[in-house]
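Enquirer: sequence and predicted structure, then a few things I'm wondering about:
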Number of protein chains: 2
Amino acid sequence: MALTKDKRGQFALKDQAIARTAKALSHPARIEILRLLATNGACICGEVVEGLPYAQSTVSQHIKALHDADLVIGSIEGASSCYCVNWVELEKFQKEFTSLFLKFKDQFAKCC
Amino acid sequence: MALTKDKRGQFALKDQAIARTAKALSHPARIEILRLLATNGACICGEVVEGLPYAQSTVSQHIKALHDADLVIGSIEGASSCYCVNWVELEKFQKEFTSLFLKFKDQFAKCC
DNA sequence: AATTAATATCGTATATTTACGATATACTAA
DNA sequence: TTAGTATATCGTAAATATACGATATTAATT
């Protein structure tokens, strides 16, 4: 980013939030992790590693990214761990994005 | 990525598509560009540059990212250009993500 | 207490993204 | 034809993401 500051902070908080969540969703491995957590009724741990074509450390890193974005909740619990999809946060994104999209769609008649 | 290949190609095409679109949406400047295009009834050009805290080349780069992801259509037209939101593609993402989200939500009862 | 198992974190290399200024391109206007 | 304007692309530096192996951590088991 050059000499060079990240200017993300200059945008509306809502846009920052949408972008932040979209970023967490921007790798297919993380989509797959969410699906694994959901279809297993959540609360998985090392099964995620077996379900993905990555080393354990890489999977842990991807889970951390989802956790940092609040799309996954839970943490270590003894020798294993307990994670699950934070559907409240996912729903927030889904609704905010849908409402943004609907605004875009309203403008379509004037489009090129 | 190490020695080290990008393994994105190993995932389901639908997941790759969701991740790809999410990536295009993962910077607030690009959300703002979509909003500017939409609220101006699309077909803008250099107004986008004035609406953003970036150099012209940077804005052009962000528009290209949106264009590559098919979220924006149009191109140069004489001295200026004509871009607009591709709401068909946006709608596809919105629907696919919503359906994914609904599946996640169904599993919530079993969650931790 | 020592071993095992599950997970996170560290260190690292490489790839990609972000941002800029400079330049190229291509149309418009003079 | 020349000058001006709008936009894209190039070159580049710095930041961030991706992926791995090695190691640390912590609880359960022996």
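Expert: Structure received.
Enquirer: roughly how far apart are the residue nearest the centre of chain A and DNA strand C?
Expert: Nearest to the geometric centre of chain A sits A:Ala24, at 3.5 Å (Cα atoms, centre = their mean). A:Ala24 is 13 Å from DNA strand C, where distance means Cβ to the nearest atom of the strand, to the nearest Å. Where C-beta positions appear, they are placed from N, C-alpha and C, glycine not excepted.
Enquirer: phi and psi next, for that residue.
Expert: Main-chain dihedrals, A:Ala24, degrees, to the nearest 10: phi -60, psi -30.
Enquirer: go on, the one 5 residues further on?
Expert: For A:Ala29, the backbone dihedrals (degrees, to the nearest 10) come out as phi -60, psi -40.
Enquirer: look up how far A:Lys95 lies from the closest residue in space to it that isn't next to it in sequence.
Expert: Spatial nearest neighbour of A:Ala29, excluding adjacent residues (Cβ to Cβ, 6 or more residues apart in numbering or on different chains): A:His62 at 5.3 Å. Look at A:His62 and A:Lys95: by Cβ to Cβ, to the nearest Å, they are 25 Å apart.
Enquirer: could you tell me whether A:Thr98 really is in a helix?
Expert: Yes: assignment of A:Thr98 by DSSP: H, G, I helix; E, B strand; the rest coil places it within a helix.
Enquirer: still on that earlier bit, gap between the nearest residue to the residue nearest to the centre of chain A once chain neighbours are set aside and A:Gln16?
Expert: Closest residue to A:Ala24 apart from its sequence neighbours, by Cβ to Cβ, 6+ apart: A:Ala69 at 3.5 Å. Distance of A:Ala69 to A:Gln16, computed by Cβ to Cβ: 12 Å.
Enquirer: ok, the two, which is more surrounded?
Expert: Neighbours were counted for A:Ala69 and for A:Gln16 using other Cβ atoms under 10 Å in any protein chain shown; A:Ala69 has more, 19 against 16.
Enquirer: thinking again about what came up before, and the residue nearest to the centre of chain A, what is it in contact with?
Expert: Going by Cβ atoms under 8 Å, 6 or more residues apart in numbering or on different chains, A:Ala24 touches A:Arg30, A:Ala65, A:Leu66, A:Asp68, A:Ala69, A:Leu71.
Enquirer: for those, which one is nearest chain B?
Expert: Chain B has its nearest neighbour among those in A:Arg30, at 7.5 Å by Cβ to the nearest Cβ.
Enquirer: wait, the closest one sits on A:Lys64?
Expert: No: under the criterion of Cβ atoms under 8 Å, A:Arg30 makes no contact with A:Lys64, lying 10.4 Å away.
Enquirer: of these two, which one has the most company?
Expert: Between A:Arg30 and A:Lys64, counted using other Cβ under 10 Å, the more crowded position is A:Arg30 (23 against 11).
Enquirer: and that one, what does it touch?
Expert: A:Ala24, A:His62, A:Ala65, A:Leu66, B:Ala19.
Enquirer: ok but it is inside a helix, no?
Expert: Yes: counting by three-state DSSP, A:Arg30 is found in a helix.
Enquirer: which other residues reach the helix or strand hosting A:Val88?
Expert: Taking DSSP states H and E as the criterion, A:Val88 maps to helix A:87-106. If you take Cβ under 8 Å, 6+ apart as the criterion, helix A:87-106 is touched by A:14, A:17-18, A:21-22, A:34, A:69-71, B:25, B:31, B:34-35, B:38-39, B:85, B:87, B:90-91, B:94, B:97-98, B:101, B:104-105, B:108, B:111.
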